[in-house]
Structures are given as structure tokens and as C-alpha cells.
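Q: A predicted structure for the sequence below; I have some questions about it.
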Amino acid sequence: MVRFLHSSDWQLGMTRHFLGAEAQGRFSDARIEAIETLGRTARERDAAFVVVAGDVFETNLVPGDVVRRALDAMGDAGVPFYLLPGNHDALAPGSVYESERFTRRKPANVHVLGPEPVEAAPGVWLAGVPWRSKQAPGEAEFFAAVQALGGMAGERVLAAHGQVELAPDAAVTLPRAWLERAVREFGIGYAALGDRHSLTDAGVDRRAWYSGTPEPTDYDELEPGKALLVALEGGRCEVTPVAVGRWRFVERTWEVHDGAELRAAAEELGRLPERRRTVLRLRVRGTGGPELRAAIEAAVDELAESFAAVEPWERYADFVVRAEGEGWEALGLAGFARAAAKELDRLASDDGPDAAAASDALTLLFRLARGGAPA
Amino acid sequence: MRYHRVRVRNFRGITEAEVAFPEGRLLVIEGPNEAGKSSIVEAIGLLFEFTAESNSEEVRAVRPEGRDADPEVELEFSLGGQRCRYRKVFGRRGATELEVGLPGGRQLTGREAHNEAKRLLEAGVDSGLFRALRVLQGESLTMAGDLAASASLLRALDGGAGTDPAGESLFERAQKEMQRYYTGSRRQETGELREAREKASAAAEEVERLEGRLRALEERAREIEALEPRAVELRQAIGELERRAAELAEQADAYRAAQQAAELARTEAAAATARRERLDDEVKRRETARREAERLAGEAETARARAADLQGTVDAARRALAEAEQAAGAARARLQELERGAALAASDYAHLQEELQRAQMQDRLSAYDEAAERQAAAQAFLAGCRIDAGLLDQIETAATALARTEAQLRSVTAKVEVEGPADATVYVDGQPETLAGGLLAREAAEELRIELPGGFAVTVRPSQSQGLLEQRLKEQREQLDRLLAAAGAGSVEAARELEQRRREAAREVEDASRVMRQALRDLPDRADLAARLERTRQRVAAYRAEHAARGLPATLDEARRVSEAGDRQLAAAKSALREAEQAVHTARDALARAEREAAAADERAAALERQLEQARAALAAAEAERPMAALDADLAAARGEAAQAEAKLRDAEQRLRELAGAGAEAAEVERELEAARKELRSVEDRVAEARGALRHEGEGTLQAELDASRSKLEAATVRLETVERRARAARLLAETLSKHREAARQAYGPLLGERLAALGRRVFGDDFEVDLDAGLAPARRRLGGTWLHVQQLSVGAREQLAVLHRAACAAAAGDGGVPFFLDDALGWSDEGRLAEMARVLADLAREVQVVVLTCQPGRFAAANGAEVVRIDGGRTGTAGRAADGQAQGELFARGD
């Protein structure tokens, strides 16, 4: 029996521009730490090697320090790492894998995976279908590797990168039919897939899996932060997810109509674990006076101090400011100012094109009328 | 605002005056013109507007005339629910006091008091309304304009809302807030909005620029991808071409061998042809030489015959020359003979000329001798002559003087004439004298005694002068005689003649000398002339003797004729000789020519003969060396060899042509190979360059820069969104407020209009209506169904309307209003209207403080419940003094 770890889509060197400089640094560090975690997991779980199914690097132009840290982490792990060039780091001219910053520092346990089968462990043959340009590898390339692998005696592991028919609107670059043939006709024991950031069964006899990204990169990923521990023995294939990543991308929608609701929602977020490694996107719905809105703002500002990042919530806000509340009544607006406020109130709650602006205008009116300094 | 009491001292004509304002009642202040009614109103204005120390014109103007006293104003008023006392003494050491919150309120003094009063007024009173409703004396009652600027009025007019503490200030702050993002009129982006947008677009541009670099890099990668298959293709093509080239190389060897064979054949053919050509030339040369020898023989013969011919010509020429020479000799002899004759004739002529000269010389000698004789005679006379021109002059002068003296003597000498009978005798000095003709005349040069018949005697004695004259006459006569003696002449006449003869003799000497010189001409002296003559005579004699044998010409003319005839013959003979000599010359030339030609012909013949001999010798030698027959045989052989060589060359060339195809293909393959290698090099270079660029950028910072710039763009975008939201909100708020404010404004018109109409109906009648303009001033009025513009109204009606309008405004402003003053107003109103106006004002005074100033007592009698105060002291100082320490009632008599 052989065991190995399947990971993919490290996308080292990725920048999340909404992160501040400090958060971005930690985010990048976490992705290197994920490699260390993989190495540790491999040793602990007796995995013979780690196969990374593409997009190891965010781009072929990835800076030298990122390459260096990744290679250091893999070297320190002491387990063989097999890296497959994906669409982000294709083995095209100018490829990072052919660059000096990679080749000069590459430790002996790190290998770039090509179509020629290598014996990754005794009796375990591994081959990949690397991307060689922005174009996905074609059927011929795919089967050249599969055929070569098929000619080897022992366990056969294929690494490939691309989209299988999973999402209805995704552009398919790796038809499931190819994988089915590979498994069924060429005796491929396991296909380690990359490109999807969510842990996914590609639907080929439970022998083809996307491991997902070891550290999440966006809100829409399902079960990211995992690697797959694969065990092959005879005709059997067993796949076990193991946790690797620690960061989270969390989206929340608040329904706020009064201070109590706001407090409850904020407290719920305040209880989330690993907040400093959590990127938060808030959507705020509801209605209320300008004071409530200011309270929301203050609550979000407070959360931002705790979380890795809170995305600018106004972008996603659906909070209608109304001319109401105690403070509002205390303003005692009269005459045309009162009439104007009424109109803005109507606009804000009308859901028309000026609704957001009207909410903001009411907030501003509140501040100005109270003699507060303009923002 | 409400006034309670005002006290004025030392203000214009007022020494001291005090007015208490009644609560809820109309106050009418009556007094004659310039009594100081208006000063009360003016004093209240100054109190608030100027500091106590103010040196402004307005303040200086109110100082009392002729007195050194500082104006003082004290006012008690309520404002914002507080009762205040405010006092100022205007002057260099002015004083200001303010007490807020009477009784026992805050006390303030000086500048602090002034500022606080100002602040209270600004906070509690609408300055627009304050100014609009204050009416001063002398100003015509126009409609209070631009009431729209009056916040209190607007606030008051703001239907039912009561107070609005935000009001205008909110509007202004909203405007200000909007102006942070947009420019005033054109709503263009400015400030942080513009800045944020510019930053965002700069960031976007930077990202775009870096992405451009990235795209360029990707393009490089694509270029490599595109080029590499081509490199593979080219390498393959080069392999194939090299194989084909090897195949063709063998064929090329064969071609080179054929090329060498052809070259050899070409050389052989050329050699054979050369040999054949040489032999051809040799045969041709032999034939030419032979023909040349023949030609030379012919020519030599001809030349020899010609030389013989020419020798005959030479002989004939010689004969002609001899003849010509003989003729010339004869001509020469004849000439000599003629020359001899001519010489004789010439000497004869000369001889005759000499003879003539001899005769001439003889004549000249004779003339000389004769002249010499004459000269000698004349010279002999001259030698004996003692007179000369000077002496003659002296004689003439002496003679003249003598004659003059004689004449003088005659004139003084008494003349005596005696007349008597003819023939009578008289005795003169004793000598009788007959009276011939009855007259005897005598001069009495000396005493004279005439005795007349009858015994008469007359004695005449000369005078003394006569004696003197006679003495001078004697001396002069002696002088003349001496001179004549010197001249050797007996008389003056003789002297003159003698002088004449002397001159002639001198002329004779001269003339003879001239003749003698003429005779000598150029000769020095007579001896020479005589010698010459002698010699000539001898030569002539000799010539005659010599030629006595023959007859000499008789005359010179004859001799000349003979000589001239001889000359003519001589000329003819000379001409004949020249001709003869010319003939000799010609004959000699002809001979020389003939001799030259003969010699040349001879020479040519000899030369030709030598050439002929040489040619024959050469021919013989050539023939001896290589007989013609052998030569012909050699030529035939050479021709055969050349033909053979040509044939071999043709064969070789044929072979070459056969192999040329392979050669051309080899060359083509070589070219293709070269082109393919070149392209491959180029492709490889481009790939290497692109790889280099990729490697360079890969090791560089492009990705880092791009990441950084994207982060920056994200930040700038977020910032822009935020600012845009704020800007949109500010704009929406400002515009919404502005819109509603405008709408409210439009509602004020009817509101104020309705109040005015209500008041107007009381004065003008029930059908009174009024329209206000945008500034809330009356624009037109309707009465009796007719609308009239304000300008069309009578002065009285306009004034009434103006007063009612102010009243309506004051009433409308309510608590925010200010005291309402009318100064000498409604002067144009009839009694009925005036009474109604007075009633309206009296009613109004229940809500608003109304003060009417009038110079006509009783004008506002119709005002029910009005308090009337009378100022009657006028503006003189007495009123003031009278007031000192007295109750105010004396100054202001209260009506009612």
C-alpha cells in the first residue's frame, strides 16, 4: 500500500488587494506555513510524497523571495514534492520552473512533473499533464502521459490540471471522459486534480479529486484549506481530507433595525474563532435613523480592528437611513428643512436609483443639523 | 424687540429728553419741525451701530452746536426675554454700559458692553427687518424692498412651523458641504472628489502600464511558442538539404573533371589554330615578297627612263642660259656708252653754270668798289664839318630869342608919323625927308628931332625900357654871332644848310656800307671775293681750253636739253639691261630645276634598284631556308590538327552541358541551405532574445510592481467610492434643501399678501387685493375691480400702501419683529383715509410696537387709545436748560 498527499492551487505570490500591508504579509506567510503543514502531515501520516496538481505559483513572474521561501519550506519538509505546472505557472517560455530563481535553489526533494512517468515511491509511478502555454493541454498530450503511465507496472498516479464538467457555466478544459478512459482503460489508480479551489470529487469512480487550495483565497470556495491523503492498495483507492489551512473568508449579512439587533450581530461575529486570520465581508440590511447607521459604522470599525480585514461594507450595504429616531426628533426640523428631509426619507426607502444617496444625505443632514463637523 | 424707555442728552438740538414707550399702545410723538422727534429714532440707531469712542461723521454730526457736551443715549429694551439697559456717552472719553437681565442683571462696560449688545441684537433681531421697518425723517416712503432677505420675516411667514432653529444655517452648511465636492455654479467636481478621481485614474493608468508590460512579456512567450516549431522545421529542412547536397557533390566531381577536359581541349585547339595561322601567315608573306620584287623591278625601269629624259631637258636649259647671258652683255655695253655721254653733258652744264657764277661775282666786285669810293667821299666831308644837330638847335634858339627881343623893341619904340602935303619936306635929325604920299613915319629908337616947316620941331626921346631892350638885343646878337662862328656858318640859313648836308653824307656812308655787305654776302671781305673770282675765271678758262676741240653748248638751257635727252636714253638702256638679266636668271633657275629633277630621278632609280636587289636576295634566302613546297605541306598538316582539336573541344563542352544540370541543382541546394541556416540563426536569435527578456523580467520586479500598483488602485477605488458617496449625498441634500427652500419662498408671497390685503381692506374698501413681487414688496393693487401697478398709484395711495405693507411685515414677524417707526408719514392722505390708517396702526400697536412722529398735532386723533407725547421746546437750548432738574412732564406734555 502506498500513501501520499494530494494538494493543489497554492498560488504562492497571490496578492489580495483589499488586505492592508500587514494583513497581506500574514496572508502570504500562512501560505508558506501551509507547505510546512503539508510536510508535517505527510511525515505524520506516513505519506511517501506530496503531489501538487498545478498552480503552485500565482504567476510565472512570481518574485524570487516567494520562490525561495516555498523551496525552503519544501526542502525542510524532507518529503518528495512533485509539482505540476498549471495554467498560472505554465511550462511556457519564461516559466518560473526554468528560471534561475527556481533551478538554482531547488532542493533535491522537489521535482517538476512532466509526462514521463517517475517512480515516486517503490512501485508507484507518477506522471503529469503539465500546461505548456495559456492553452490547456490537448487530448493527445493528456493521453501521451496516460499511455506512458499505463505502460508502467505498479500503482499509477496521474496529476492533471483543469476544469471538469462540474459547474454548468464553467469552461471545461479537462473533460471527464478523458479521466474515465484513463482510469478505466489505462489503469490509472488516482487522478490528482487541480484548478478548483474547493475540495471536490470529480465524479470518476471516486478516483479523481480536486484537493482544493490549502489556504482559502476567496469567499466562494467550498471546503478550502484541505489536502487529500490518498491511499492506494491493489485496486483500492481511499481518499481522506486533512486540514491544512487556517485562514477563512467569511461573508455575513446583517439584518439591523435597531440597536439590539446590531449588538447581537456584532457579538456573534466577535465570537468567531481565528478572527485575525479571517477576512470578513459584511452585508448590512435594514432601516433606521442616522444614529443607527452611525452605530453600524462604529461596530464595523471595531470589528475591523479584530479581523484580518473587513471589506468596505458600504459596497454591499443595503441599509436604508430613515428620518426617524430620538435624535432625529430632537432636531426639531421645521419649514423647508423638514420638507426636504421628508423627501430624502421617501427617496431612501423607495429603492430607486437615488436610494443610497438619499440615505447618505439624511445621515449628512443629521450631522449638519446637530452641528457636527462634516465628515 | 421692544423699547421701554429712551433718554437722550446733548444730542443735536436736544439738551435732555426722555420718552417712555407704552405697552400695547400706539405712541404718537407730536412736535413742530426740527423739534427733535427724529433725533430720538436716530439716537437709538447710533447706540447700536457705533462705539462710544467712534469718530465717524454720523456721530460727530449729532454733537450739540455751540456747546462742549458729549451726546448721551440710554435705552431700556427687551430682547430674547431679557430686559436690558444700554447707555453710551459719545466722545473721546466715551462711556458704554450694558446691564442685561434687569433688575440686578449682568453689568458690562466699555468695548465688552458694546460687543455683547451687538451680539444680542444680531441674535435676537432680524437685521434685514430692522433696517426695512425703520423709517427716518426725510426719506420718501417707498416700499420696503428685498424682504426676502429677512430671516425673521421668512421664519415668521413659514406657515405654522413655529420655530426652526436649523433653518437657514442648515441650508448654508449643506451648500458648503456640497461645495467641498462640486464647484458653485457648474457643478464640476472639485476638492477631494476630484483629487480622489485623479488618484484613481492615475493608479488605473499605472496598472494599465504595468499590465502592458506584462502583455508584452506574454507576447514574448507567444513569440517563442510560435518560433520554436519553425526552428524545428528549419532544422529538419537543413538536414534534408545537407543530404541532397552530399548526393549532388559526386555529380559535381564529374562536372569538374569534364570542366578540366574541356579546358585542355580548348587549350589544344587554340594551339593548333595558332600554328595553322602562323603557317598561313608565312605563305602569305612569301607571296607578298615575291609580288613586291616584281613591282620594284617595274618601277626601277620606269625611273631609269625618266632620268634619261630629264638629262635632255638640262642640256636645253644650258643653251638658253648662254643666249640670255650674251644679250645681257650687249645691253650692258650700250648702257656704259650712254652713261659716258650723259656725264659729258652734265659737266658741260656745270661749266656753264660756273661761267654764270663768274659773271655774277664780277658784278658784285664792281658794285663793292663803287660803293667804297662813295663812302670815302662822304667820310671826307664829314671829317671837315663842325656843325651837328645840337649846335644847330642852339643857333635856332639864339636866333629866335633875338627876333623876340627885336619885336619887343619895336613895340616900345615910339612911332612918329608926320602928315602934310605931299612932297613937303621935313628934317629928321637934321636930315630932310619928303612926305611921300603926304606921310612920313619914323620910329624913334633914340632921340629924334624932326623939324617941320614953319619952324616947328618935334623931339622924340626913347623911354628907359627901350634902352634895356636895346642892350639885351646887342648881347643876343653877339651870342648868335659866336654860335655861327663855331658852326662855320655865316648865317642861320647857312647853318641850317650845313646841317642838312652833314646828315646826307652820313646817310651816304650807311648806304655804301649796305651795298658793300650785299656784294660780299657771305664772304668775309673783298679780297676773298676777288680771289674766288680769280679762281673761277681760271677754271672756266681751263675747261674751255680742254674742250676747245668740240663745240660746247652755247647756253645753259641748251646744255640742259642735251643732258636731259641723254638721261632718257640711259633709263631705257638700264631697263633693257634689267630685262636681259632677268632672262638670264630665269634660264639659270630652269637649268637648276632640270638638274635637280634629273638627279632625283636618277637617285630614285638607283634606290629602286637597290630595293629590288634586296627583295630578290630575301626571296632567295627564304626559299633557300624553306622551300615553298615544304611550307604548303606544313600548312596542310596544321589545318588538320586544328580541326581535330576543335572537335575534341566540342565533345568536352557537350559533356559539360550534360553535367551542368547537376551543378545548378547543387548550387540551388547550397543557396537553400544557406537561407535555411540564416533563418534558423535568426529564429534562434529571436528566441534567445525573447527568453532573455522573459528571464530578465522574471528575475525582476514586474510582478511585485504590478501587485503593488493593483493594491494602490484598489485603495484609490475604495477611496473614490467613499468620496463619491459623500459627494452624492451632499449634493442631493443641498439640492433637496434648496428646492424646498425655494418652494417655501414662493408660499410666503400669498401669506404676506393676505395679511396686507386684510389691513388694506380696512383702509381702501372690501374689494381691495394686492400682489407681491419676488422680494415680497407690493407689485400691484386692485381696487374697484381694476388692477393698478404701484407706480400708477397716486402718491397718497402709494404711501398708505407702503405703510400698510410695513405694518403687515411687522405684524407677520411677530415676536421676531422690531419697533416700527413712522416719521411724518401719511402727509398726502385725506382725512378719511388718515383716520382709518390711524385706527389700523392703533390696532397693530397691540401686537407690535408702533411709534408715529408727526409735526401736526391731532393728525392721529383717530387712533384709539394712543398715547400722545408732545415736544414743544423746539431745538433751542432753553428747552434743555428749562429741563434741568425739572420733571419731564414740562418738556413732554402728555396728551389725553
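A: Sure, I can see it.
Q: get me the contact residues on the stretch 551-700 of chain B for chain A.
A: Residues of the stretch 551-700 of chain B lying close to chain A (C-beta under 8 Å from any C-beta of the partner chain) are B:687, B:690-691, B:694-695, B:697-699. C-beta coordinates here come from the backbone N, C-alpha and C atoms, glycine included.
Q: who wins for neighbours among those residues?
A: Neighbour tally across these (other C-beta atoms under 10 Å in any protein chain shown): the maximum, 26 neighbours, falls on residue B:698.
Q: A helix includes it, no?
A: Yes - under DSSP: H, G, I helix; E, B strand; the rest coil, residue B:698 falls within a helix.
Q: shouldn't residue B:733 be in contact with residue A:344?
A: Yes - counting by C-beta atoms under 8 Å, residue B:733 touches residue A:344, with 6.9 Å between them.
Q: which residue does the stretch 701-850 of chain B bring closest to chain A?
A: Residue nearest to chain A within the stretch 701-850 of chain B (C-beta to the nearest C-beta): residue B:729, separated by 3.2 Å.
Q: what's the following helix or strand after the helix or strand hosting that residue?
A: When elements are defined using DSSP states H and E, residue B:729 is found to belong to helix B:702-764. Later in the chain than helix B:702-764, the nearest helix or strand by DSSP H and E is strand B:769-772.
Q: in chain B, where's the longest helix?
A: Ordering each helix of chain B by length in residues (DSSP state H) puts helix B:191-384 first.
Q: give me the helix or strand of chain B that scores worst on average pLDDT.
A: Least confident helix or strand of chain B, by mean pLDDT, DSSP states H and E, is helix B:877-883 with a mean of 30.
Q: tell me if the longest helix of chain B is near chain A.
A: Yes - using C-beta under 8 Å from any C-beta, we find that helix B:191-384 touches chain A at B:214, B:217-218, B:220-222, B:224-225.
Q: quick one: mean pLDDT over that helix.
A: Helix B:191-384 shows a mean pLDDT of 87.
Q: what packs against that helix?
A: With contacts taken as 3 or more C-beta pairs under 8 Å, 6 or more residues apart in numbering or on different chains; DSSP states H and E, helix B:191-384 sits against helix B:492-520, helix B:526-546, helix B:556-625, helix B:628-699, helix B:702-764.
Q: hey, what's in contact with both of residue B:733 and residue A:344?
A: When contacts are counted by C-beta atoms under 8 Å, 6 or more residues apart in numbering or on different chains, residue B:733 and residue A:344 have A:361-362, A:365 as shared neighbours.
Q: including secondary structure, could those go into TSV?
A: Formatted as TSV, these follow (three-state DSSP):
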residue	secondary structure
A:361	helix
A:362	helix
A:365	helix
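Q: farthest-separated two in the residues of the stretch 551-700 of chain B next to chain A?
A: Of all pairs drawn from those, the widest gap by C-beta to C-beta lies between B:687 and B:699 and measures 18.3 Å.
Q: in the lowest-mean-pLDDT helix or strand in chain A, which residues are buried?
A: Every helix and strand of chain A was ranked by mean pLDDT, DSSP H and E. The lowest is helix A:326-331, at a mean of 75. Judged by neighbour count using 16 or more other C-beta atoms under 10 Å in any protein chain shown, the buried positions of helix A:326-331 are A:328, A:331.
Q: now the next helix-or-strand element following it: mean pLDDT?
A: The element immediately downstream of helix A:326-331 (helix or strand, assigned by DSSP H and E) is helix A:335-349. Helix A:335-349 carries an average pLDDT of 83.
Q: quick one: residue B:848 and residue B:811 touch, right?
A: Yes - in this structure, residue B:848 is within contact of residue B:811 by C-beta under 8 Å, at 5.8 Å.
Q: who touches the residue in the stretch 351-500 of chain B that chain A sits nearest to in this structure?
A: Proximity of the stretch 351-500 of chain B to chain A (C-beta to the nearest C-beta) peaks at residue B:353, 147.3 Å away. Residues in contact with residue B:353 (C-beta under 8 Å, 6+ apart) are residue B:556.
Q: which residue does the stretch 101-250 of chain A have closest to chain B?
A: residue A:133 (5.7 Å).
Q: what's the closest non-adjacent residue to that residue?
A: residue A:92 (4.7 Å; C-beta to C-beta, 6 or more residues apart in numbering or on different chains).
Q: next one: residue B:604
A: residue B:303 is the one closest to residue B:604 (C-beta to C-beta, 6+ apart), at 4.7 Å.
Q: again with residue A:202
A: Leaving aside its chain neighbours, residue A:202 sits nearest to residue A:208 (3.9 Å; criterion: C-beta to C-beta, 6+ apart).
Q: so that neighbour bridges to which residues?
A: Under the criterion DSSP bridges, residue A:208 forms beta bridges with residue A:191.
Q: my read is that it contacts residue A:177, right?
A: No - with contact defined as C-beta under 8 Å, residue A:208 does not count as touching residue A:177 (11.7 Å).
Q: so, in contact with chain B or not, stretch A:325-332?
A: Yes - counting by C-beta under 8 Å from any C-beta, chain B has neighbours in stretch A:325-332: A:331-332.
Q: who has more neighbours out of residue A:208 and residue A:177?
A: Comparing residue A:208 with residue A:177 by other C-beta under 10 Å, the one with more neighbours is residue A:208, at 27 against 12.
Q: measure that one to residue A:105 for me?
A: 33 Å (C-beta to C-beta, to the nearest Å).
Q: re earlier: spatially nearest residue to the residue of the stretch 701-850 of chain B closest to chain A (excluding sequence neighbours)?
A: That would be residue A:360: by C-beta to C-beta, 6+ apart, it lies 3.2 Å from residue B:729.
Q: burial of the one you found, as a residue count?
A: By the criterion of other C-beta under 10 Å, residue A:360 has 26 neighbours.
Q: how many other residues sit next to residue B:624?
A: Residue neighbour count, defined by other C-beta under 10 Å, stands at 8 for residue B:624.
Q: that should have said residue B:284, apologies.
A: Neighbours of residue B:284 using other C-beta under 10 Å come to 10.
Q: cool, and the one 10 residues further on?
A: Neighbours of residue B:294 under the rule other C-beta under 10 Å: 12.
Q: how about the contacts made by residue B:238?
A: B:673, B:676-677, B:680.
Q: could you export these as JSON lines, including pLDDT?
A: Compiled in JSON lines, the contacts of residue B:238 are given as follows (pLDDT from 0 to 100):
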{"residue": "B:673", "pLDDT": "88"}
{"residue": "B:676", "pLDDT": "89"}
{"residue": "B:677", "pLDDT": "90"}
{"residue": "B:680", "pLDDT": "89"}
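Q: so which of these wins on neighbours?
A: In terms of neighbours by other C-beta under 10 Å, the contacts of residue B:238 top out with residue B:676 at 20 neighbours.
Q: just checking, that one touches residue B:234?
A: Yes - counting by C-beta under 8 Å, residue B:676 touches residue B:234, with 5.4 Å between them.
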